[in-house]
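**Student:** for reference, the sequence and a predicted model appear below.
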Amino acid sequence: MGVMLQAFYWNCPADEGREGKWWSYINFKLPEIAQAGFTSLWLPPANKAAEWNSMGYDPYDYYDLGEFNQKGGVQTWFGTKTDLLALIKSAHTMNLQVYADLVFNHNSGADGQEVNPLTNQMRWTKFTPASGKFPRDWTCFHPCAYESWDGTTFGDMPDLCHRNPAVYSALIAYARWLLEEIGFDGYRFDMVKGYGGWMVRSIMEMWMLRNNAGLKPYGVGECWDSERTIYEWLDETNIWSDNPVGAFDFPLRWRLQSLCDDYGFSLRNLPAPGVLLWDRPMQAVTFVENHDVARSSPIVNDKLLAYAFILTHEGYPCVFWQDYFNYNLGQPGNPSGIEALVHAHEHYAGGATQVLYVDDNLYVMQRSGAGQQSGLVFILNNNATWAGVAVKTQWNNTSFKPVAWRGNADTGIPQDKWTDGYGTTDFWAPPRGYAVYIPN
């Protein structure tokens, strides 16, 4: 499926002194991003928010991408509409897809208060955006004549009522506009527990038309919860859908955090069911960090163990910008960084996954290969010294070479291997590290 790059982190424009210039900065980094092997970018919410220096998760004017003078300026915190269009155009020339972050649960920054006659409460629900598109009043928010039930709320921000035909139609039109006119290729749906899955399904099933060609969007939902809740949301959202949406694999992320940070974590837990990767790999978007968990519950130790896992297994892996660039885990040209793992994913990690061996401290897996991807063998070592085990692979009389590896304070290089007539050989990995082998 490729490898996604989350092309932002919380407060990134301020932290890097690029207020109003983040789109241009990503554009500048695109050659490096494409060279590394990434295939898509997830951008933060592009529309004007309640305040100028906002990450966009408090949407005000959906159609102001940085061209109207409101909420503190013309440009958004990330740049102008012109900057955004240039970024998307450049990404497409490098065969990178671009995903928009849709915040459809709540709004903020209203221009005035008004009384909701159903509750006699005064609320900030009067929106008169400068774009002139999708103006809103109390009838657009919960509770209203169309629905009193409301899902998960976000602070005291008013929640949109999608059952109001005017709201539903406006959001459908906005989603279509983002793909057909702005050039996005898909969506990341924010906080999907706050509204019905049918809203997401309605967007995902639409045929879009761009450059006289039809296209269907890609979609992934943020259902930050247990595996059961995520599965229920996927079932509700994808029922009878001809373009199913995926979900971020939060249960796997917590498991990977334990792998990296918890002393004595047993590797037997890795292949256990209860995560999307094993139960629904076609719908799993795997990740190590994102803009939320990196602030609330970051992985502290040996993070590349987690990246090695998601970039060799099934699912659609997502790499976090801050890890790749700011924390220097990308390591371009180095077999001990994320770039080498992305290369392994794109060229070799195809086909079904088979766990060949697992105990408390050693885990060995093979990918069978598919199409142009030859397959691979992945070894994860939780011991304090080099460790390995003999396993029976699907490849008989085949030479193997390592293409990515890393050990904790050990710079040794794994040896080339050769399987016998039964497909058996011993694979080794560095202490508290990993190795990725490919068949020659």
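**Tutor:** On my side now, so go ahead.
**Student:** residue nearest the centroid of this structure?
**Tutor:** With distances taken as C-alpha atoms, centre = their mean, C318 lies nearest the centre of the chain, 4.6 Å away.
**Student:** okay, and that residue sits in which element?
**Tutor:** Assessed by DSSP states H and E, C318 sits inside strand 316-320.
**Student:** wait, doesn't P332 sit right on P31?
**Tutor:** No - counting by C-beta atoms under 8 Å, P31 is not a contact partner of P332; they are 11.5 Å apart. C-beta: built from backbone N, CA, C; applies to glycine.
**Student:** now what about the biggest helix by length in the chain, what contacts it?
**Tutor:** Ranked by residue count under DSSP state H, the longest helix found in the chain is helix 22-36. Residues from elsewhere that reach helix 22-36 (C-beta atoms under 8 Å, 6 or more residues apart in numbering): 5, 7-8, 12-13, 16, 18, 41, 43, 77-80, 83-84, 86-87, 90-91, 94-96, 324-325, 330, 332, 338-339, 342-343.
**Student:** buried residues, it. List them.
**Tutor:** Of the residues in helix 22-36, those buried by neighbour count under the rule 16 or more other C-beta atoms under 10 Å are 22-27, 29-30, 33-34, 36.
**Student:** what values do phi and psi take at D410?
**Tutor:** Main-chain dihedrals, D410, degrees, to the nearest 10: phi -140, psi 120.
**Student:** in contact with the residue lying closest to it once chain neighbours are set aside, which residues?
**Tutor:** Take D410 and drop its neighbours on the chain: the residue closest to it by C-beta to C-beta, 6 or more residues apart in numbering is P430, 4.7 Å away. Contacts for P430 (C-beta under 8 Å, 6+ apart) come out as 381, 386, 405-408, 410, 412, 414.
**Student:** change it to 7 Å
**Tutor:** Residues counted as contacts of P430 (C-beta atoms under 7 Å, 6 or more residues apart in numbering) are 381, 386, 405-407, 410, 412.
**Student:** break the protein down into its domains, please.
**Tutor:** 4-248, 353-439 (automatic domain parsing).
**Student:** now these as TSV including mean pLDDT?
**Tutor:** Converted to TSV, those look like this (pLDDT from 0 to 100):
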stretch	mean pLDDT
domain 4-248	96
domain 353-439	97
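**Student:** could these go into JSON lines alongside distance to F309?
**Tutor:** What follows is these, written out as JSON lines (distance: least, C-beta to C-beta, whole Å):
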{"stretch": "domain 4-248", "distance to F309": "15"}
{"stretch": "domain 353-439", "distance to F309": "7"}
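**Student:** now the helices: where do they sit in the chain?
**Tutor:** Counting by DSSP H, the helices of the chain are 12-15, 22-36, 81-93, 165-177, 197-204, 227-238, 250-261, 276-279, 293-296, 303-310, 321, 338-347.
**Student:** would you list those helices in TSV and tack on distance to W418?
**Tutor:** TSV is the format used below for these (distance: least, C-beta to C-beta, whole Å):
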stretch	distance to W418
helix 12-15	47
helix 22-36	31
helix 81-93	42
helix 165-177	53
helix 197-204	47
helix 227-238	40
helix 250-261	30
helix 276-279	31
helix 293-296	42
helix 303-310	23
helix 321	40
helix 338-347	20
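**Student:** nearest to F189, out of the ones you listed?
**Tutor:** helix 197-204 (5.5 Å; C-beta to C-beta).
**Student:** neighbours of Y263, how many?
**Tutor:** Residues near Y263, counting by other C-beta atoms under 10 Å, number 6.
**Student:** where does it fall, phi/psi-wise?
**Tutor:** phi -60, psi 130.
**Student:** so who does it touch?
**Tutor:** Here Y263 is in contact with no residues (criterion: C-beta under 7 Å, 6+ apart).
**Student:** now L270
**Tutor:** If you count contacts by C-beta under 7 Å, 6+ apart, L270 has them with 255, 363.
**Student:** tally of neighbours for G274?
**Tutor:** Neighbours around G274, by other C-beta under 10 Å: 14.
**Student:** nearest residue to it other than its sequence neighbours?
**Tutor:** That would be E227: by C-beta to C-beta, 6+ apart, it lies 5.2 Å from G274.
**Student:** I figured the one you found hits P251, correct?
**Tutor:** Yes - the pair E227 / P251 is scored as a contact, 4.5 Å apart, by C-beta atoms under 7 Å.
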